[in-house]
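K.L.:
Sharing a model that was predicted from the sequence below.
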Amino acid sequence: MKVLIACEFSGIVRSAFTARGHDAHSCDLLPSEIHGHHHTGDVLKYLLMFPIGFFDLIIAHPDCTYLANSGVRWLKAEDNRFDKERFKSMLSACTFFNLFYHFAEKVAIENPIPHIYAKRHIGMYSQIIQPWQFGHGETKATCLWLKNLPKLQPTNIVDGREARVHKEPPGKDRWKNRSRTFIGIAEAMAEQWG
């Protein structure tokens, strides 16, 4: 199967699919942290290099900055009116999010819990998963929007649940450390959707 992992710099999900014999590629503005088939650049330009339907499966991890419920407070300025520029950025992020549905028959889009304004444009997620359902003793609510894919089934429910990702200390790599997919989730995706 031809698989594209969009907006993934870590290479974790791509590697899980490659290990199972799939022709898996990743694309991100950043270089990959794990060697493999990776294109550094704009994912939409990359997708337009191929006919629609070239990839059998796309798993996308679009930027959550303007979509996540945790950032909804930034949509309003001090006078309690919408910050027009921030709202425009949110609408652009929603458009980018929705574009992935058009490029493959099977699509999974991953993001944190969205705020109400984003939900109006990207729709309701199909399911919420947690790392502790896939062998990691941590909490990090992750939503999946699924097109022609079954819900991801837990593979290894564990105790010792800690919000480590939430507690990541400030620093230049905080966003990177918070955005990496847990290996157990990547393995489940490859096993169940591959």
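P.N.:
Yes, it's here.
K.L.:
By average pLDDT, which secondary structure element in this structure comes out worst?
P.N.:
The helix or strand of the chain with the lowest confidence, counting by mean pLDDT, DSSP states H and E, is helix 174-179 at a mean of 68.
K.L.:
immediately after that helix, which helix or strand?
P.N.:
Counting by DSSP states H and E, the next helix or strand C-terminal to helix 174-179 is helix 183-193.
K.L.:
just for the chain, where's the confidence low?
P.N.:
Residues of the chain meeting the criterion pLDDT under 70: 77, 165-169, 174-177.
K.L.:
Just the strands from it, written as ranges.
P.N.:
In the chain, strands defined by DSSP state E lie at 2-6, 23-28, 38-40, 57-60, 106-111, 127-129, 142-147, listed in chain order.
K.L.:
what packs against the fifth one?
P.N.:
Here strand 106-111 touches strand 57-60, strand 142-147, helix 183-193, going by 3 or more C-beta pairs under 8 Å, 6 or more residues apart in numbering; DSSP states H and E. (C-beta placed from N, C-alpha, C; glycine too.)
K.L.:
Also the third one?
P.N.:
Other helices and strands packing on strand 38-40, by 3+ C-beta pairs under 8 Å, 6+ apart, are strand 23-28.
K.L.:
next one: the strand it packs on to chain centre, how far?
P.N.:
13 Å (C-alpha atoms, centre = their mean, to the nearest Å).
K.L.:
begin at 57 from here
P.N.:
Let's use 57 as the start, then, which means that last one is strand 79-84.
K.L.:
in that strand, what counts as buried?
P.N.:
Using 16 or more other C-beta atoms under 10 Å as the test for burial, strand 79-84 gives A80, H81, S82, C83, D84.
K.L.:
Just want the angle from it to helix 239-249.
P.N.:
Relative orientation of strand 79-84 and helix 239-249, computed by axes from the mean of the first three to the mean of the last three C-alpha atoms, to 10 degrees: 130 degrees.
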